[in-house]
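K.L.:
Provide a 3D model corresponding to the input given below.
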Amino acid sequence: MSKKFQQKEILPDPTYNSVLVAKFTNQMMKGGKKTVARKIISDSFDLIKKQTKKEPLEVFEKAIQAVAPRVEVRPRRVGGATYQVPMEVKEKRKISLTIRWLIGAARAKKGKSMAQRLAEELMAASQGEGEAIKKKINIEKMAAANRAFAHLGRPRKKKNA
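P.N.:
Here you go, the predicted model:
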């Protein structure tokens, strides 16, 4: 009698007509204050447009793609020992990790408004720089260092009885 988890469908953002921006807004939101999150994102998009003279949605999507990790390490217990096993990242997890890292990097900066910090982080990430990119590189380095345990990540074939 186990019920399958129903993933809630996220509607596209009304301003930019993008599901990705809507997800970003939801992650950005604190205490249910979606209007505050939307204001911060629209302000940062305005700053991006002013500073780069490019379409802010393009810069945003480029940043998301640049930060998205290809592989990550996940702990796997084998015979009493825990190994860090490198595994490919699924698409949904890729996006959620990317959004979390970008917001975390922007929040970690101090001294400016959140819109300015977010705009700077998105512009840096779209050019392959910034804290979120460093985080991705560290995760992928860790996965490369633990390549020897990659065989532990594959499911074992069962013998027919």
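K.L.:
tell me the centre residue of the protein?
P.N.:
Thr98 (1.1 Å; CA atoms, centre = their mean).
K.L.:
Contact partners for that one?
P.N.:
Listed by CB atoms under 8 Å, 6 or more residues apart in numbering, the contact partners of Thr98 are 64, 67-69, 132. Quick note: C-beta positions are derived from backbone N, CA and C, even for glycine.
K.L.:
Check those and tell me the two furthest apart.
P.N.:
Farthest pair in the contacts of Thr98 (CB to CB) is Ile64 and Pro69. Separation: 11.7 Å.
K.L.:
quick one: which of the two has more around it?
P.N.:
Per other CB atoms under 10 Å, whichever of Ile64 and Pro69 has more neighbours is Ile64, with 22 against 19.
K.L.:
Wait, the more buried one touches Leu20, no?
P.N.:
Yes. Applying CB atoms under 8 Å as the test, Ile64 and Leu20 come out as touching, 6.5 Å apart.
K.L.:
hey, what's in contact with both of these two?
P.N.:
Ile95.
K.L.:
Next up, phi/psi of the residue lying closest to Asp46 once chain neighbours are set aside, please.
P.N.:
Nearest residue to Asp46 in three dimensions, chain neighbours excluded: Pro56, at 7.5 Å (CB to CB, 6 or more residues apart in numbering). Dihedral pair for Pro56: phi -60, psi -30, per degrees, to the nearest 10.
K.L.:
Pro56: neighbour count?
P.N.:
Count around Pro56 with other CB under 10 Å applied: 23.
K.L.:
same question, Glu55
P.N.:
12.
K.L.:
got a list of what it touches?
P.N.:
Applying CB under 8 Å, 6+ apart, the residues near Glu55 are Lys49.
K.L.:
how much space between it and Val73?
P.N.:
36 Å (CB to CB, to the nearest Å).
K.L.:
Kindly report the same for Gly31.
P.N.:
Gly31 is 33 Å from Val73, by CB to CB.
K.L.:
With neighbour numbers in mind, choose between those two.
P.N.:
Val73 (19 against 6).
K.L.:
Provide the partner residues of that one in its beta bridges.
P.N.:
With DSSP bridges applied, Val73 shows beta-bridge pairing to Pro86.
K.L.:
which residues touch it?
P.N.:
Counted by CB under 8 Å, 6+ apart, Val73 has contacts 84-87, 139, 142-143, 146.
K.L.:
run the last query once more with 10 Å
P.N.:
83-87, 139-140, 142-146, 149, 153 (CB atoms under 10 Å, 6 or more residues apart in numbering).
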